[in-house]
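pasting the sequence and the predicted model now:
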Amino acid sequence: MPISSKDTPPPNENIASKQTYPEDQIHSSLTANHYLSADIYQKELARIWRRHWIYVGRADELKSPGDFKVLRIAEREILLVLDRSHKIGAFYNACSHRGSVLCEAESGQLKSGRIICPYHQWSYGLTGELLSTPRIELGSQATSLGLDRVLLTEWAGNLYLNLDQTSDLTISDAMIPGPTTLNNWPLSTLKVRHRMQFDIRCNWKIFWENYLECYHCPGIHPELCRIVPLYQAGLATDHLKSGFKGEDRVASGVESWTETGRAIAPTLEGLSKAEVKAGHTFLEIYPNQYIVAHPDYVRQVSILPSAPGVTRVTAEWLFAPDVLENPSFDPAPAIEFCERLLHQDARVSELNQRGLAAKPHHQGVLIDLESDVWDFHEYYRTWMKDTDAD
Amino acid sequence: MPISSKDTPPPNENIASKQTYPEDQIHSSLTANHYLSADIYQKELARIWRRHWIYVGRADELKSPGDFKVLRIAEREILLVLDRSHKIGAFYNACSHRGSVLCEAESGQLKSGRIICPYHQWSYGLTGELLSTPRIELGSQATSLGLDRVLLTEWAGNLYLNLDQTSDLTISDAMIPGPTTLNNWPLSTLKVRHRMQFDIRCNWKIFWENYLECYHCPGIHPELCRIVPLYQAGLATDHLKSGFKGEDRVASGVESWTETGRAIAPTLEGLSKAEVKAGHTFLEIYPNQYIVAHPDYVRQVSILPSAPGVTRVTAEWLFAPDVLENPSFDPAPAIEFCERLLHQDARVSELNQRGLAAKPHHQGVLIDLESDVWDFHEYYRTWMKDTDAD
Amino acid sequence: MPISSKDTPPPNENIASKQTYPEDQIHSSLTANHYLSADIYQKELARIWRRHWIYVGRADELKSPGDFKVLRIAEREILLVLDRSHKIGAFYNACSHRGSVLCEAESGQLKSGRIICPYHQWSYGLTGELLSTPRIELGSQATSLGLDRVLLTEWAGNLYLNLDQTSDLTISDAMIPGPTTLNNWPLSTLKVRHRMQFDIRCNWKIFWENYLECYHCPGIHPELCRIVPLYQAGLATDHLKSGFKGEDRVASGVESWTETGRAIAPTLEGLSKAEVKAGHTFLEIYPNQYIVAHPDYVRQVSILPSAPGVTRVTAEWLFAPDVLENPSFDPAPAIEFCERLLHQDARVSELNQRGLAAKPHHQGVLIDLESDVWDFHEYYRTWMKDTDAD
């Protein structure tokens, strides 16, 4: 179990709001080379990105048999297809014959009910078996020429794939704090109303480091700090012990993460009073997704590295189906608020990446308020140590 | 003689048009790495592209002494110059002094009758000898400072150069089926009327693999298949044995490869009845040219790799001089037909290249109808094995 | 003392203007690989560019405490800041905490009187000490978390930095002919009126090779040769012995390097009669600057490599402050004349770079008129031999 788990936050204690840290509480961060080197990046793809479960979209994106979607992950290209029994299969998007791409478009519908290679018209069933090879009969050899499958699993309406055919990880293993954190949210029935995609010119680990501490929040996210007192104090969930006199929740009178602080939809069914009052509940799934569940909507953000210094971010806003059916429903207050957050984080993440290249052999430090970053580095070091993928 | 030669096609036999292949007739193709790796690409430049004869243009492009043309081949830059005795010389386009480029333009006329370096005005004769060095006299050392020659040969009005100074290959050695294939065509007297140049985002070997089989033709080239029944059956020349009931020729009533199927110029003098009736005769010169001789015109296509995944293609349409002198002559039906073919092939070649990067360690298969591709791979493996260039 | 020094020119002798060189006076230049290889380029950054004093601008660019400027040198990023005691400090532009860039803009004013990291608001004094870390007190550890200083020195109003913290070179060590060459010029009080910056697509050594010989001048710089008879003869300063019947000075009637040949400003105070008569006096500071001092103005040109085949050039024209205060003063005749020179040199430098890639394993030759280029290569070889930076 290489994924580090977090303890639940300790009860609040009324201690001084500013604390003198003992010297040994300053830890070293990763050296700059980890964010810049093409060699290390390739090792990360092999040891982390091709061995973990990676979020690739919502199951309901593929509605009818033959619907397909093409993805690029860790330098591979994957084809997702809905078959006749309404199961989704994941295959490398390459013909077994001479390797041509099978589906050219990013998404679409296989009207023939088959996956047909555009080059020599070899055709495959929606479950990947080789069905026909024009002008020749391959006989028993056809069996071994079906499409190469990639592991795929579904959780709460989310699809995750794993490029390691022999993986014994489950998607639950990767969930922080744990697999039951969002149990009360009806995530599997929610629908994506808005999706935003953009590139940040930073290493993927800088994205996580930024996410994992709120020490930067007062300077970078004034709007967010206004509605979450904990963040105004520069603290993340785990640091209530640091003398903050409140809880991990939105401010009094605030209901959700929106421009106005008010919920924009009815409270989702099934949430506990504490979950409603908190206003936000977090789930991380290393290395590529975090989910923030609010009382009225859910936002999930996923990343894919495309170079040592470039990370693609996808953010989705999900709402209850009946809310979306209401023609007067306006999701803008939630979307605008969180898009601004993402852009604020993107800016400082890019400054961080740029600065790591400025100085030779730079190695930063982590303070106690960044202990989650340290935990992330421990997770990272554990996986990178593994030499099987070399 | 590392170039594999092909047998002449066997006589037609009336066998079943669909055949069950024994299992051992499926062969492995090259692994994906051969189309993607920068290291293998560099080895290919050294072992194949800098050791074979490479088509570089028509001899009649240089008309008057002092006419020149500059070429980029396998990361080298070559200067072709017509000297006073109307011979063409090929030199590296670099001054012996400090290495400046000699001719900046792609082509032109050396009005001074000398090759003069634009940097320090060292001047060379049209045959490459160092003639003058301003402000100093180099005495006997000038002899060794002439321009470095590159091997050049002419065949049928075509110029070929070889970057291997010690090569003992002849251009005839590389001709498939053989050096006499186009003997009846007056290729040396034909003139280029149209030249087209474009980049395909694929490895140069994918270009050849596509050329060497017609298994893709029914799906990709409907217009061509309409005029060549053999291709409509997915067969290339060597596969008449595969049960096809016809010959390697254009359909009845078709004369040439044009939009209408009719010849657009009188039949060239000297062709045999069989050559006229066939409508097309092919010659390959590995690794960079194929020639298709029709009764009324000749088309030749050459390639140069510019990156592992990028290949530059040049196609030329040649006609008899008297045809070109006729002001009402319209070459468009031949040009448009064949440009469409090239673009159809370019599209699937690019899909093939993209797909080879989709899946890790991909290795495709070749079927019997692709035996010419296997032969090409054998040629490739033979030359790449050679370790002299390491 | 690895920098080679030049002897003063010998007295003129009346010898034949064209000389037959003994054969052993032709030397080999560097092989082409030295201008093309990414590996050698990285070694040059480590062994030369990060170990010498590099010109980074005029001291008077930073006027008030808090004024800053950001520079990119040899893949590092440096922050220059003027402190309260009007001293300029140079620091890597990266926060000690997690490495974010400190100053995003190219230049500006730190209005707070501190260097504040935009990410977590750690703040540093203008002399680099860590002043505050929001929400925590680091205690004695703060001392070790000040900004990393880079060596900086000032000479004659010019700022030079050295990325080698342990360097025992002085800026004077690098001056050719010597540190007193420009003693009579009031360089420290002159002001930059015009600055021009552009990229040349050539290796940085080609820039110097071009500068260090005037063998190319007659063919490339007709306007310059018209005002400097020495150059019209293809000679640089050191080659008066080569039979040239004149001196190293501008032609009779010419006063300075301008379009008209006339000075555009009063003669600077303090120059000797010989310096005024010469019209130009040169100082080189390897590897990145040369200064040409004229009687009426000074021009200094500096370079920074940005890739094996790309060099950024900055040229500055400096005049006496009282000249610049005259509203009718027109610097154009000096600027236009010298910009043309730079562009003429850039063109042939790019031809040289292109030609070095044309031929495999090219190695040019140097003639006697290029002995300064040979000296530069000796300097280069000496520094590159050093294996400490490996």
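Great, that's in hand. Just so you know, these numbers come straight off a predicted model, no measurement behind them.

need the contact list for residue A:149.
A:89-91, A:128 (CB atoms under 8 Å, 6 or more residues apart in numbering or on different chains). For glycine as for every other residue, the C-beta is placed from the backbone atoms N, C-alpha and C.

and if you look at residue A:103?
A:68, A:70, A:79, A:93, A:110, A:115.

what is the nearest of the residues you listed to chain C?
Nearest to chain C, judged by CB to the nearest CB, of the contacts of residue A:103 is residue A:93 at 33.2 Å.

from residue A:100, how far out is that closest one?
10 Å (CB to CB, to the nearest Å).

am I right that residue A:111 is in a strand?
No - secondary structure of residue A:111 (DSSP: H, G, I helix; E, B strand; the rest coil): coil, not part of a strand.

what score does it have for pLDDT?
Here, the pLDDT recorded for residue A:111 equals 96.

okay, now the closest residue to it other than its chain neighbours: neighbour count?
Leaving aside its chain neighbours, residue A:111 sits nearest to residue A:66 (6.8 Å; criterion: CB to CB, 6 or more residues apart in numbering or on different chains). Counted with other CB atoms under 10 Å in any protein chain shown, residues neighbouring residue A:66 total 19.

enumerate the residues of chain A near chain C.
The interface of chain A toward chain C, taken as CB under 8 Å from any CB of the partner chain, is made up of A:18-21, A:23, A:26, A:29, A:32, A:209, A:215-216, A:218-220, A:233-234, A:348, A:351-352, A:354-360, A:362, A:364-370.

quick one, which of those residues are buried?
Among the residues of chain A next to chain C, the ones that count as buried by 16 or more other CB atoms under 10 Å in any protein chain shown are A:19, A:21, A:26, A:29, A:32, A:209, A:215-216, A:218-220, A:233-234, A:348, A:351-352, A:354-359, A:362, A:364-370.

residues of stretch A:144-155 that come out buried?
A:145-147, A:150, A:152, A:155.

hang on, the earlier thing: for chain C, state which of the contacts of residue A:149 is nearest.
Out of those, the member with the shortest distance to chain C (by CB to the nearest CB) is residue A:90, at 36.6 Å.

give me the mean pLDDT for the host helix or strand of that closest one.
According to DSSP states H and E, residue A:90 maps onto strand A:88-92. Average pLDDT, strand A:88-92: 98.

what lies in contact with that strand?
Contact partners of strand A:88-92, identified using CB under 8 Å, 6+ apart, comprise A:56, A:59, A:62, A:76-83, A:102, A:115, A:126-128, A:147-152, A:154, A:159, A:161, B:358-359, B:362.

could you pull up phi and psi at the residue nearest the centre of chain A?
The residue lying closest to the centre of chain A (CA atoms, centre = their mean) is residue A:289, at 1.5 Å. As for residue A:289, its main-chain torsions (degrees, to the nearest 10) stand at phi -150, psi 140.

same question, the one 3 residues further on
The phi and psi torsions at residue A:292 (degrees, to the nearest 10) take the values phi -120, psi 110.

can you name the residues bridging to the nearest residue to it once chain neighbours are set aside?
Distance criterion CB to CB, 6+ apart; nearest residue to residue A:292, sequence neighbours excluded, is residue A:299 at 4.9 Å. With DSSP bridges as the criterion, residue A:299 is bridged to residue A:292, residue A:317.

so what touches stretch A:28-38?
A:40, A:202-203, A:205-206, A:308-309, A:353, A:356-357, A:359, A:361-366, A:373, A:377, A:380, C:98-99.

just the CA coordinates of the helix or strand in which residue A:70 is found, formatted as PDB?
Take DSSP H and E as the rule and residue A:70 turns out to sit in strand A:67-73. The C-alpha trace of strand A:67-73 is given here as PDB (Å, rounded to 0.1, in the frame of the first residue of the first chain):
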ATOM      1  CA  ASP A  67     -20.100   5.600 -29.100                       C
ATOM      2  CA  PHE A  68     -16.400   6.100 -28.700                       C
ATOM      3  CA  LYS A  69     -13.800   8.500 -27.300                       C
ATOM      4  CA  VAL A  70     -10.100   8.800 -27.900                       C
ATOM      5  CA  LEU A  71      -7.600   9.700 -25.100                       C
ATOM      6  CA  ARG A  72      -3.900  10.400 -24.900                       C
ATOM      7  CA  ILE A  73      -2.300   9.300 -21.600                       C
END
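
quick check: buried residues in stretch A:196-213?
Per 16+ other CB under 10 Å, stretch A:196-213 contains these buried residues: A:200, A:202-213.

in helices only, show me those residues.
Within the buried residues of stretch A:196-213, residues falling in helices by DSSP state H are A:204-211.

of those residues, which is the nearest to chain C?
Checking those against chain C by CB to the nearest CB gives residue A:209 as the nearest, at 7.1 Å.

check what pLDDT that closest one gets.
pLDDT recorded at residue A:209 is 98.

next one: residue A:371
89.

pretty sure it belongs to a strand, no?
No - per three-state DSSP, residue A:371 lies outside any strand segment and is helix.

what number of residues lie near it?
18.

and for residue A:378?
12.

just want the phi and psi numbers for it.
Torsion angles, degrees, to the nearest 10, at residue A:378: phi -60, psi -40.

do you know how far it is from residue A:48?
13 Å.

tell me what the helix or strand hosting residue A:193 is packed against?
Residue A:193 belongs to strand A:191-200 when assigned by DSSP H and E. If you count contacts as 3 or more CB pairs under 8 Å, 6 or more residues apart in numbering or on different chains; DSSP states H and E, strand A:191-200 packs onto strand A:310-319, helix A:321-325, helix A:332-356.

and the gap between the closest residue to residue A:227 other than its chain neighbours and residue A:263?
The shortest distance from residue A:227 to any non-neighbouring residue, by CB to CB, 6+ apart, is to residue A:254 (4.6 Å). Using CB to CB, one obtains 9 Å as the distance from residue A:254 to residue A:263.
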